[in-house]
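[1] no sequence for this one, just the structure:
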């Protein structure tokens, strides 16, 4: 079954039993004797960073002067690691997080 990756369909990450599918690529941390000893720390750190951002920040499309969403086409930079080029977005603290509190935490 091919799913549209541009659509929000979280069920694509669940197996028939309703459990998360383990689709972590092993090649990112090497193989055999040369495998990265910090791979578990790296994965846990990334999980913590993403969970914190999703819990404390709202991510939205940037707005133009008229208040309309700025549509854009995602473009990528290829190389050793593929990543997106800069794109317009609007990131703000969620309503239950004060901006001052967030700035205090980030300053540490």
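    That came through, no problem. This is a predicted model, so every value here is computed, not measured.
[2] could you give the mean pLDDT of the longest helix seen in the chain?
    For the chain, the helix with the greatest residue count under DSSP state H is helix 39-56. For helix 39-56, mean pLDDT rounds to 90.
[3] so what does whichever helix or strand comes after that helix touch, helix or strand wise?
    Downstream of helix 39-56, the next assigned helix or strand under DSSP states H and E is strand 57-61. Secondary-structure packing of strand 57-61 (3 or more Cβ pairs under 8 Å, 6 or more residues apart in numbering; DSSP states H and E): strand 89-93. Where C-beta positions appear, they are placed from N, C-alpha and C, glycine not excepted.
[4] and the contacts of the strand it packs on?
    Contact with strand 89-93 is made by 56, 57, 58, 59, 60, 61, 62, 63, 99, 102, as judged by Cβ atoms under 8 Å, 6 or more residues apart in numbering.
[5] what's the closest of these to residue 24?
    Among the contacts of strand 89-93, residue 59 lies closest to residue 24 (Cβ to Cβ), at 23.6 Å.
[6] can you give me the neighbour number for the residue nearest to the closest one when sequence neighbours are not counted?
    Excluding the flanking residues, the one nearest residue 59 by Cβ to Cβ, 6 or more residues apart in numbering is residue 91, at 5.7 Å. For residue 91, the neighbour count with other Cβ atoms under 10 Å is 10.
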